[in-house]
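Asker: Sequence first, then the predicted structure:
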Amino acid sequence: LDRMIKDGLEVKFSEYEGVWIPLKYPWQILDITSYLLSKIEQKISPQAKISEKAVIEGQVVIEEGVKVFEGAVVKGPCYIGRNCIVGNNSMVRESNLEEGCVTGFNSDITRSYIGANSWFHTNYLGDSILEGDCGMGSGAVAANLRLDNQAIAVGEERINTGRTKLGLMAGQGVRIGVNASTMPGVRVGSGSLVGPGVVLRKDLPENKKITLKEES
């Protein structure tokens, strides 16, 4: 914008009194998601199938084609997009799940933005942002809290997020293998794969693969 002004762009200013939430870094998507979810009212589509043994609490939007199975808990504010599945004994809290997501058995998704067609099974995902078409193998975990409870810094630049809780930030088509873990504030580029059992402590660029080397 500064360069455009120097090149002669005419700029005018106007007063604005509404909510202002910046979007420069991926973790700021969580701020926007939290604000938008705070404005929803409960709306459950009659075309959704919700087990009588599931628990729905608070302000929740559940779109058509959604299936919520026995033992599942959805705690608002939450948005569950069309044709999503919330599997047995899973919990979705204060999160946004876009269309076609599958939260398989015994998963916990908390305060996260999950893009369309992502899938999970026996996973924990807290304070995370997934662009979409992401998959996590059974037992994979996205850690979101440092053991010393200090603010989380991201990347080699050590950008201070000001957040004490921040999980995985993943681009389109990322895969996380079984029993793999990502440390707080790790970024994984689109199309990349974190192999089974890996503990990922630093960013992984797009279209890369990291695996454990097995030796006998």
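Answerer: That came through, no problem.
Asker: can you map out the helices along the chain?
Answerer: 2-6, 28-37 (DSSP state H).
Asker: Now mean pLDDT and mean neighbour count too, for the ones you listed, in CSV please.
Answerer: All C-beta spots, glycine's among them, are computed from the backbone N, C-alpha and C. As requested, the helices of the chain are exported to CSV (pLDDT from 0 to 100; neighbours: other Cβ atoms under 10 Å):
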stretch, mean pLDDT, mean neighbour count
helix 2-6, 90, 8
helix 28-37, 97, 17
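Asker: Indicate which one of those is closest to Leu193.
Answerer: Nearest of the helices of the chain to Leu193, taken as Cβ to Cβ: helix 28-37 at 22.8 Å.
Asker: send the alpha carbons of the closest one over as CSV?
Answerer: Written as CSV, here are the backbone C-alpha positions of helix 28-37 (Å, rounded to 0.1, in the frame of the first residue of the first chain):
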residue,chain,number,x,y,z
GLN,A,28,-5.4,-14.5,13.2
ILE,A,29,-8.0,-16.7,11.4
LEU,A,30,-8.7,-18.1,14.8
ASP,A,31,-9.6,-14.6,16.0
ILE,A,32,-11.9,-14.1,13.1
THR,A,33,-13.5,-17.5,13.6
SER,A,34,-14.1,-16.9,17.2
TYR,A,35,-15.7,-13.5,16.5
LEU,A,36,-18.0,-14.9,13.8
LEU,A,37,-19.0,-17.9,15.9
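Asker: returning to what we had before: Throw the helices of the chain into JSON lines and include distance to Val92, thanks.
Answerer: JSON lines is the format used below for the helices of the chain (distance: least, Cβ to Cβ, whole Å):
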{"stretch": "helix 2-6", "distance to Val92": "42"}
{"stretch": "helix 28-37", "distance to Val92": "12"}
